[in-house]
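Student: Kindly return the folded structure for what I paste below:
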Amino acid sequence: MRRTTIGLVLATLILWSPVAAARGGGYVGFGIGGAATDGAKYVELENFYTNCPQWNKPGVTEEWCRDRVHTDGAGGLALQLGFGYNFFGYAALEANIAIQGNPNSGGGKWEGAGHVAGLVRLYPAQFVPRADIRSRWWDPNVYFGAGYSWMGYHLEYEFEHKARGWEGMSWQVGFGSDFYLTQTVVIGADFRFILPQYSRYHEDWGDLSTQPKSTPKALVFAPMLTVTFHFADPLLREAVKPIVK
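Tutor: From the prediction side, this is the model:
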């Protein structure tokens with residue numbers, strides 16, 4: 001039932017898309033891929049001990065105690081959703097949300113991260129005056145933006161059930177390319193770099209909340225395959241040359 005519903009929604013988007021140049025007007029895009037993370041271990045916090053009390057528990061080591069607070073996690077499957085408006089094919093403003101996660105957090109629980117951002121996309125090839133370049137079926141782009149990120153995880157010890165996590169602003173940069181199947185349906189590849197600037201640490205998301213002594217290291221690389229549906233603005237149909245006749 002769910003697959004049928006998704007199929008009907010996608011078919012409706014395709015059929016309702018106007019026959020016009022896709023390089024101008026609104027669009028909605030979806031992406032699926034993966035996320036690789038590189039973070040900091042042994043993050044020091046303000047007004048909070050990073051070492052454990054002397055618990056008489058198997059597996060409690062100094063290394064584990066220091067690793068209780070980290071940003072190195074949540075890599076795995078990644079998805080994204082974006083809504084934007086393209087200005088004559090030269091640039092676009094986009095609201096984007098990306099999520100990532102895997103089931104390998106402690107105790108058989110999921111860990112994950114989310115990133116919400118506003119992006120500015122630029123299409124360099126559109127600035128080339130040659131007609132054969134401007135009417136191309138491929139369209140590279142670069143983008144940058146800022147937003148907010150959060151990340152949550154558990155520890156791999158049955159006596160530690162608390163959910164832990166971070167939140168803070170983030171920067172995003174990336175590049176990719178679109179390939180036009182029709183004038184309004186586009187597939188593509190997207191390579192995104194997310195740099196979270198985590199400024200708040202939580203345990204049980206409210207039980208304990210404090211700041212790190214300095215911004216911990218965190219980097220997410222998220223390559224994705226994308227599909228985008230364009231809804232060209234009627235006012236732009238005559239201004240932008242159609243790609244597919």
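
Student: What residues sit buried inside stretch 72-91?
Tutor: Across stretch 72-91, burial judged by 16 or more other Cβ atoms under 10 Å covers 72-76, 78-80, 82, 84, 86, 88-89. All C-beta spots, glycine's among them, are computed from the backbone N, C-alpha and C.

Student: and Asn47, what does it touch?
Tutor: Contacts for Asn47 (Cβ atoms under 8 Å, 6 or more residues apart in numbering) come out as Thr210.

Student: Which two of the buried residues of stretch 72-91 have the greatest separation?
Tutor: The distance between the two most remote of those (Cβ to Cβ) is 42.8 Å, for Asp72 and Phe88.

Student: where do the strands sit along the chain?
Tutor: 25-39, 76-87, 91-102, 111-122, 138-153, 164-180, 185-203, 208-210, 218-232 (DSSP state E).

Student: And the first one, how far out from the chain middle?
Tutor: Using Cα atoms, centre = their mean, to the nearest Å, the distance from the centre of strand 25-39 to the centre of the chain it belongs to is 5 Å.

Student: tell me the angle that strand makes with strand 111-122.
Tutor: Interaxial angle, strand 25-39 versus strand 111-122 (axes from the mean of the first three to the mean of the last three Cα atoms, to 10 degrees): 130 degrees.

Student: What residues sit buried inside strand 25-39?
Tutor: Under the neighbour-count criterion of 16+ other Cβ under 10 Å, strand 25-39 has 25, 27, 29, 31, 33, 35, 37, 39 buried.

Student: what's it packed up against?
Tutor: With contacts defined as 3 or more Cβ pairs under 8 Å, 6 or more residues apart in numbering; DSSP states H and E, strand 25-39 has these neighbours: strand 76-87, strand 91-102, strand 218-232.

Student: Thank you, goodbye.
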